[in-house]
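Visitor: Here's my sequence, what's the structure:
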Amino acid sequence: MTFGACKLAIRCAAEDFMNNHGMALAAGLSYYFVLSLFPALIALSCVIAYIPVPSLWDNLLLGMSRIVPADAMGLVRKVVTDVLAQTHPKLLSVGILGTAYAATGGFSSMIEALNVAYDVPETRPWWRTRMLALQLTVVIGAFFIVALAFMVVGPEFGTWLTGKIGLSWVFAEVWNYLRWGIAIAFTVIGVEVLYFMAPNVKQRFWATLPGATLAVVAWLAASYGLGIYFQKFANFNKTYGTLGAVVALFVWFYWTNVFILFGAELNSEIRKAAGKKPLPVKENVVPIDQAKAA
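Guide: A predicted model of the protein is given here:
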């Protein structure tokens, strides 16, 4: 696409985002994702307990702290630590299925929001979308964990790997930058998987790359900016008291969902500009915008 076409697609995506009440959808999604976050982390901690890697859980939380603003991350650490300390490991193992099911609530809501972004109705049965939400929780969670792992691994790993398998010293020098590139690449692919699997449309996987790239870059910039804003300017504890950390977490999830939905709108507009309007998975179903026009 030319620069003019990209500019037009972004402008049309912004208009559709506002027409589809994207801000309100992002606010609703932040509520569901906050409710899903802690069950997801608890289920993840149960799985990690059986992986023979020292301090893996602490390192993953350390990786999260590099993305999630400090105020919100403090709340995440406290809640998960308290729950794990007060719950017997066997009960966690038995209840992991229920915990994992609770963790799918955010992705169930995201499926509905992405259908709105692509202007298509939901024609799949409820059990199929719920299973899809569980798949998305596992698959995207795996991509996110891999991305966090590369963030946590420091420059010393490049030196160790160079000596272990006989790589050039150049690799050790480049590794500190390469690991961030790999982490961002896994994050982009994870968002692509979300755009590819969640909405009720037929599309090619790599067609979701523009929106995923924009969403991840904007999300990383916003996370960095929010971290500075929370530390230097906003003082939620004075305004909201003990709820300050909760509000910070909601704000972070809110802007995360804003950029994810905007990326989906951009992909939808690019397809429309190319004459490939998203079609529902189920045949003979009229998209929402066509039904309104009729």
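Visitor: Distance check, the closest residue to Asn59 other than its chain neighbours against Val201.
Guide: Leaving aside its sequence neighbours, Asn59 sits nearest to Val152 (C-beta to C-beta, 6 or more residues apart in numbering; 4.6 Å). In this view, the C-beta of every residue, glycine as well, is placed from N, C-alpha and C. Using C-beta to C-beta, to the nearest Å, Val152 is found at 35 Å from Val201.
Visitor: Show me what the helix or strand hosting Thr129 is packed up against.
Guide: Using DSSP states H and E, Thr129 falls within helix 126-152. Other helices and strands packing on helix 126-152, by 3 or more C-beta pairs under 8 Å, 6 or more residues apart in numbering; DSSP states H and E, are helix 22-48, helix 56-65, helix 96-103, helix 105-117, helix 169-197.
Visitor: Quick one: residues contacting Phe196.
Guide: Taking C-beta atoms under 8 Å, 6 or more residues apart in numbering, we find Phe196 in contact with Gln203, Phe205, Thr208.
Visitor: Now list the buried members of the residues you listed.
Guide: By neighbour count, with 16 or more other C-beta atoms under 10 Å, those hold Gln203, Thr208 as buried.
Visitor: Out of the contacts of Phe196, which comes closest to Met73?
Guide: Using C-beta to C-beta, Thr208 is the member of the contacts of Phe196 that sits closest to Met73, with 28.9 Å.
Visitor: so what's that closest one up against?
Guide: By C-beta under 8 Å, 6+ apart, Thr208 lies in contact with Val191, Glu192, Tyr195, Phe196, Asn267.
Visitor: While we're on it, how confident is the model there?
Guide: We have a pLDDT of 93 for Thr208.
Visitor: For this protein, name the helix or strand with the lowest mean pLDDT.
Guide: helix 288-293 (a mean of 47; mean pLDDT, DSSP states H and E).
Visitor: got any ranges where this protein has weak pLDDT?
Guide: Scanning the chain for pLDDT under 70 picks out 1-4, 49-54, 83-100, 102, 154-158, 160, 163-164, 166-169, 276-294.
Visitor: Point to the residue nearest the middle of it.
Guide: Nearest residue to the geometric centre of the chain (C-alpha atoms, centre = their mean): Val191, 6.4 Å.
Visitor: so what's that residue closest to, chain neighbours aside?
Guide: Nearest-residue entry for Val191: Ala212, 4.1 Å, with adjacent residues in sequence omitted and distances by C-beta to C-beta, 6+ apart.
Visitor: just the angle between the helix or strand hosting the one you found and helix 169-197, please?
Guide: Per DSSP H and E: Ala212 is located in helix 209-232. In terms of direction (axes from the mean of the first three to the mean of the last three C-alpha atoms, to 10 degrees), helix 209-232 departs from helix 169-197 by 110 degrees.
Visitor: relative to helix 105-117, how tilted is helix 209-232?
Guide: If you take the same axes, to 10 degrees, helix 209-232 sits at 120 degrees to helix 105-117.
Visitor: Can you name the residues that contact the nearest residue to Ala72 once chain neighbours are set aside?
Guide: With C-beta to C-beta, 6+ apart as the criterion, Ala72 has its nearest non-adjacent residue at 3.8 Å, and that residue is Leu249. Contacts were defined as C-beta under 8 Å, 6+ apart; by that measure Leu249 touches Val34, Leu37, Val68, Asp71, Ala72, Leu75, Val76.
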